[in-house]
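Novice: structure, please.
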Amino acid sequence: MGVQNAAREYTGSRIKEPKQYCVVMHNDDFTTMEFVVGVLIDIFHKDEVSAHSIMMSVHKSGKAVVGKYPYDMAVTRVSRALSRAKEEGFPFRMTVEEA
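Specialist: Modelled structure (predicted):
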């Protein structure tokens, strides 16, 4: 009667976190502050205080990072925001940049 040794095989692979991408909002002179705050709340799930703070950063600095997301999520949110802006006739601009 022998005792079997249970050996665990170590594969050395680890699950990698997906690369993160920054969503950057750019200032323009036509898109309303109310629209920007609405996009930040509805699409980027910011609370009202954070949304207002980000909007003011964009207004004062010319641009600001809205958040960091995996690529697909960043592109989808930007696409939704730009579609909404187009529907309302705003020249709103956002970009996705590797973090």
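Novice: now the helices for this structure?
Specialist: Counting by DSSP state H, the chain has helices at residues 33-42, 48-61, 71-88.
Novice: now these in CSV, with mean neighbour count?
Specialist: From N, CA and C alone the C-beta is placed, and that goes for glycine too. Formatted as CSV, those follow (neighbours: other C-beta atoms under 10 Å):
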stretch, mean neighbour count
helix 33-42, 18
helix 48-61, 15
helix 71-88, 15
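Novice: of these, which approaches residue 21 most closely?
Specialist: Closest approach to residue 21 among the helices of the chain (C-beta to C-beta): helix 71-88, 4.3 Å.
Novice: so which elements touch the closest one?
Specialist: Where contact means 3 or more C-beta pairs under 8 Å, 6 or more residues apart in numbering; DSSP states H and E, helix 71-88 is packed against strand 20-26, helix 33-42, strand 93-98.
Novice: for these, which one sits closest to residue 52?
Specialist: Among the helices and strands packed on helix 71-88, the nearest to residue 52 by C-beta to C-beta is helix 33-42 (5.9 Å).
Novice: show me what the closest one is packed up against.
Specialist: helix 48-61, helix 71-88.
Novice: determine the angle, from 0 to 180 degrees, between it and helix 71-88.
Specialist: 150 degrees (axes from the mean of the first three to the mean of the last three C-alpha atoms, to 10 degrees).
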